Structures are given as C-alpha cells and as structure tokens.
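Colleague: here are the coordinates; sequence isn't available:
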Ligand code: HMG
C-alpha cells in the first residue's frame, strides 16, 4: 500500500518587506541579502498571526468534508508554540472543523518536527488505511532587529493531508535520521528571539546532510542517479544551494546538471517568504511541484530535513501521475502577489510587538484584510481567542 502526501496547503501572512530596502537601512550591500543570502522578500507576521492561526489557514485551504471525517490525528510541528501545556493542534482541530474523535498533538525539534510528524502519520495510516492525518509545519522565524540572523527571518505554515493512495507524493520507507546534541541554534524559554551561532549552524547543517546521505546511500543502495530532484530544508535559499553543491560535488555531469536544474523552481516560494522553520522543506517541495516542470510519473525526489540542536533526516518520495492537477499553484501565486509591502519602519514596529507577558487582557488590532482568515483576536483571562476575520 502506498502512503504519502495527498494534499498540500500553504499560508503566509499578508505583509512582507523588500530585502534590498532592509539592506539599505542596515548599511549593507543589497547583493549580500539578495545573492549572498539569496532572499528577495521576507514575510512579516502581525501579532494577530501566530503558529496556530497560520497552521489553521494553511489547512483550511485544502480540507474538504471527506477529509474532516477521515482525519483522526492532527500533528502540529512548531518551535513557535503559544502555550507550555496546551498543544496548538487542539486549536487547529477546532478551527478547521475536524471530527471530534481525533488525537491532536504538538511536536518540537527546531525545524525538524514536521518530518517526525510525517513518520508518525505513515505508521498510523499503515495500521488504519482508511484514516487520514493532518500534518502541519508552522513557525515565525525571529532573530531580532540588527542581528546577523535578521535577513533570514520569515513566517508561514504548510499543511499536508497524509493518506493511503496519495495523489501527490508516495513516500518511501527508506529514511535515515540522526541526532546529535549540539548548540548551533536554540531559543531559551525566557526569549522571544532565537540565539544562533550562524557559521557553526551552516557547518552543522552540512555535516548532518553529508552524514545522513552517506548512511542513506549505503543502507538503500542508492545514488544520485536514482533521484530526479532534491529538496532541502531552506533557512535561506543560498543554504539550499550550498546543500546541493555539497551532494553533487563528485557527481557525474549528467546528475549534477539534472539536479541543479530543479534548484530555481524549488526555492521560488522560499525566496519570497524567508525561513518558516518546520515548514521550510515542505515549502521548497511545494515550490518545486508547482513552479517546476511536470515530473515524470514515479520520479523520485530526495528530501533533507534539518532541525538545529540537532536532528537530520534524508528520505524520499515518488511523484504520482497527474499530481499537477492537485496543486494550488494559482492560489499560492495570488497569496504571495496580493501581500502588502511594509516600510522598514512599519516592520520594525511590528517585530517588536509582543503579547503582554503578565495576565493582562488584550484585544488585538486585526490588520488582515482577507475575510475568512483565522486570526488571534485577543487574550482574556489568559485564554487565547481565535476566530475568523
Ligand atoms: P553573515 O555573517 O551576516 O553573512 O551571516 P556572511 O558574511 O557569512 O555572508 C553571507 C554570504 O553572503 C556569504 O556567502 C558572503 O560571501 C556573501 P557564502 O560564503 O556563504 O557563500 N556576500 C555577498 N554576496 C554578494 N554580494 C555581496 C556580498 N557580501 C557578502 N556584496 C548567516 C549569514 C546565514 C550565518 C546569518 O544570517 C545567520 O546566522 N542566520 C541564521 C542561521 C541560519 O539560518 N543557519 C542556517 C543553517 S541552520 C538551520 O538551517 C536551522 C534553522 O532553520 C533553525 C531551526 O532548525 O529551527 C536556522
């Protein structure tokens, strides 16, 4: 029985900044951000968008009544959780109208957890083939103003419905993962901002990649020639290029040319959004499937997931015939194109806003203009109130 991705939805907030304008204000050569880092635009989340609302908005794009009845597991991967106890998945379960007899759980391991959610979903569906699982990767990447990480921020969510007989990508059972206790990037409980050792994090990412790829090749007896395309965790698009270069360094010209040929379509959305942590690998996959040429039936895509701290995994899937019919390319292009550009001053104000750290009630100014968008309306008596705009 094939198990895999049957639907993919995506949401990013209505606001962005232009990276060249950020560079100008920071006194940096614009090419450093657009070429050196490889980012053109960066999504900015207002206070009314958080990990819960973005995940709900991504899921609402794809769920129909049949899905709502069949889903009995909601797995939300995030490192931008909004409560130490209650899982964001419970709110998403309610906001998306999924039937009551479902389990809803939040998972955490930096940018990696949505991949763990996929593994759990596959196990669940293999035991209960009539069931579906909603997997969410949702985050706001925040390093703070005037920091080294500032040009690699972003916000957004990817929602995937996993099922038997998927219509988009059938996942293989070939994954190789590894864990190693390192301090390249983390966010202590007291901080709204991530702490990062930037250069070490780049090196750690590449070390994990080459390590799991080497083990994957050996265990599965596969090589680059078995893959039509590769997708990576994309914290900023230049990192995706570094990853691709690392894997193709000793490849045949044919393999290197084919794999490099898919790089641009695989980072098109990431370049306009920035890092969305847990969802970034899946945003790259979405970008490849929607912005790339139609891949032949059963073409194998290799996927590398990395979450700082750290866990890495290499796995793969094969595209299903006619998958393009199930993609929402027009909707995703419209979502990106209709966003409003913020001035750098507006962005700086929004980035520094935070909910009260004490028990003070707050009613939020909802900035979103799209009706039907799920927003955080406020917090009363320590209870977060979510609903549609
Ligand atoms: P930096 O020190 O500002 O930048 O940090 P740099 O000096 O290293 O320059 C970056 C690149 O721009 C270099 O290219 C320069 O040569 C180039 P590279 O050597 O890397 O190929 N450059 C220019 N190019 C063209 N024209 C110019 C120019 N000037 C310079 N004029 C860094 C950059 C990414 C480290 C920083 O932004 C950062 O710390 N970001 C956050 C950490 C991060 O994203 N790490 C990625 C790996 S870890 C990961 O992916 C996990 C993560 O997603 C978290 C999670 O798991 O939850 C982050």
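Modeller: Structure's in. What do you need? As the structure is a prediction and not an experimental result, all values here were calculated from the model.

Colleague: can you pull out the strands in the stretch 201-350 of the chain?
Modeller: Secondary structure of the stretch 201-350 of the chain (DSSP state E, counting those that start in this stretch): strands at 229-232, 300-307, 311-319, 340-341.

Colleague: Deepest-packed of the ones you listed, please.
Modeller: Sort the strands of the stretch 201-350 of the chain by mean neighbour count, taking mean count of other CB atoms under 10 Å, and strand 229-232 sits at the top with a mean of 27. Yep, even glycine has a C-beta here, placed from its N, CA and C like the rest.

Colleague: Show me where the stretch 1-150 of the chain has its strands.
Modeller: Counting by DSSP E, counting those that start in this stretch, the strands of the stretch 1-150 of the chain are 3-11, 15-18, 41-44, 71-77, 103-107, 132-141.

Colleague: Which neighbouring elements make contact with the last one?
Modeller: Contact partners of strand 132-141 among helices and strands, from 3 or more CB pairs under 8 Å, 6 or more residues apart in numbering; DSSP states H and E: helix 51-60, helix 65-70, strand 71-77, helix 88-95, helix 113-127, strand 154-164, helix 280-291.

Colleague: if you set the cut-off to 6 Å instead, what comes out?
Modeller: Packing contacts for strand 132-141, counted by 3 or more CB pairs under 6 Å, 6 or more residues apart in numbering; DSSP states H and E, involve helix 51-60, strand 71-77, helix 113-127, strand 154-164.

Colleague: which of the strands of the stretch 1-150 of the chain sits most buried?
Modeller: strand 132-141 (a mean of 30).

Colleague: near the ligand, which residues of the stretch 1-150 of the chain?
Modeller: Neighbours of the ligand within the stretch 1-150 of the chain, by CB under 6 Å from any ligand atom: 29, 31, 32, 35, 36, 37, 79, 110, 111, 148, 149.

Colleague: Of those residues, just say which sits nearest to the ligand.
Modeller: The shortest gap between the ligand and any of these belongs to residue 36, at 2.0 Å (CB to the nearest ligand atom).

Colleague: Can you report how many residues lie near that closest one?
Modeller: Residues within reach of residue 36, counting by other CB atoms under 10 Å, total 14.

Colleague: now the one 4 residues further on
Modeller: Using other CB under 10 Å, the number of residues around residue 40 comes to 18.

Colleague: Spit out the contact partners of it.
Modeller: Taking CB atoms under 6 Å, 6 or more residues apart in numbering, we find residue 40 in contact with 19, 271.

Colleague: any idea of the pLDDT on it?
Modeller: As predicted, residue 40 sits at a pLDDT of 98.

Colleague: Please apply the same query to residue 372.
Modeller: 85.

Colleague: I'd like the average pLDDT over stretch 97-115.
Modeller: Averaging pLDDT along stretch 97-115 gives 98.

Colleague: what does it contact?
Modeller: Everything outside stretch 97-115 that qualifies as a contact, by CB under 6 Å, 6+ apart, is 68-69, 71-77, 79, 87-90, 93, 116-117, 137, 233, 277-278, 305, 307-309, 311, 313.

Colleague: do the same with stretch 174-188
Modeller: So stretch 174-188 is contacted by 194-197, 200-201, 204, 212, 215-216, 220, 308, 310-316 (CB under 6 Å, 6+ apart).

Colleague: returning to that earlier point: please produce JSON lines containing the strands of the stretch 1-150 of the chain, extended by distance to residue 368.
Modeller: Shown next, in JSON lines, are those (distance: least, CB to CB, whole Å):
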{"stretch": "strand 3-11", "distance to residue 368": "11"}
{"stretch": "strand 15-18", "distance to residue 368": "9"}
{"stretch": "strand 41-44", "distance to residue 368": "12"}
{"stretch": "strand 71-77", "distance to residue 368": "21"}
{"stretch": "strand 103-107", "distance to residue 368": "24"}
{"stretch": "strand 132-141", "distance to residue 368": "15"}
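
Colleague: For residue 369, which of those is the nearest?
Modeller: strand 15-18 (10.4 Å; CB to CB).

Colleague: tell me how far the closest one is from the chain's mean position?
Modeller: Offset of strand 15-18 from its chain centre (CA atoms, centre = their mean, to the nearest Å): 18 Å.

Colleague: quick one on the thing from earlier: of the residues of the stretch 1-150 of the chain next to the ligand, buried ones?
Modeller: 37, 79, 110, 111, 149 (16 or more other CB atoms under 10 Å).

Colleague: okay but residue 160 is in contact with residue 135, surely?
Modeller: Yes - under the criterion of CB atoms under 6 Å, residue 160 makes contact with residue 135 at 4.6 Å.

Colleague: pLDDT value on the closest residue to residue 144 other than its chain neighbours, please?
Modeller: Ranked by CB to CB, 6 or more residues apart in numbering and with sequence neighbours excluded, the top spatial neighbour of residue 144 is residue 193, at 4.4 Å. Residue 193 is assigned a predicted lDDT (pLDDT) of 96.

Colleague: Just confirm residue 193 contacts residue 142, I think it does.
Modeller: Yes - between residue 193 and residue 142 there is a contact under CB under 6 Å: 5.5 Å.

Colleague: the more surrounded of these two?
Modeller: When residue 193 and residue 142 are compared for neighbours, residue 142 comes out ahead with 21 against 15, by other CB under 10 Å.

Colleague: Switch the residues of the stretch 1-150 of the chain next to the ligand over to TSV; also include distance to residue 43.
Modeller: Formatted as TSV, those follow (distance: CB to CB, whole Å):
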residue	distance to residue 43
29	23
31	21
32	20
35	20
36	20
37	15
79	16
110	19
111	16
148	19
149	15
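
Colleague: for these, which one is nearest residue 362?
Modeller: residue 79 (23.4 Å).

Colleague: Quick one: residues contacting that closest one.
Modeller: Neighbours of residue 79 in contact, by CB under 6 Å, 6+ apart: 108, 110, 139, 277.

Colleague: let's see 7 Å
Modeller: Going by CB atoms under 7 Å, 6 or more residues apart in numbering, residue 79 touches 108, 110, 139, 187, 277, 278.
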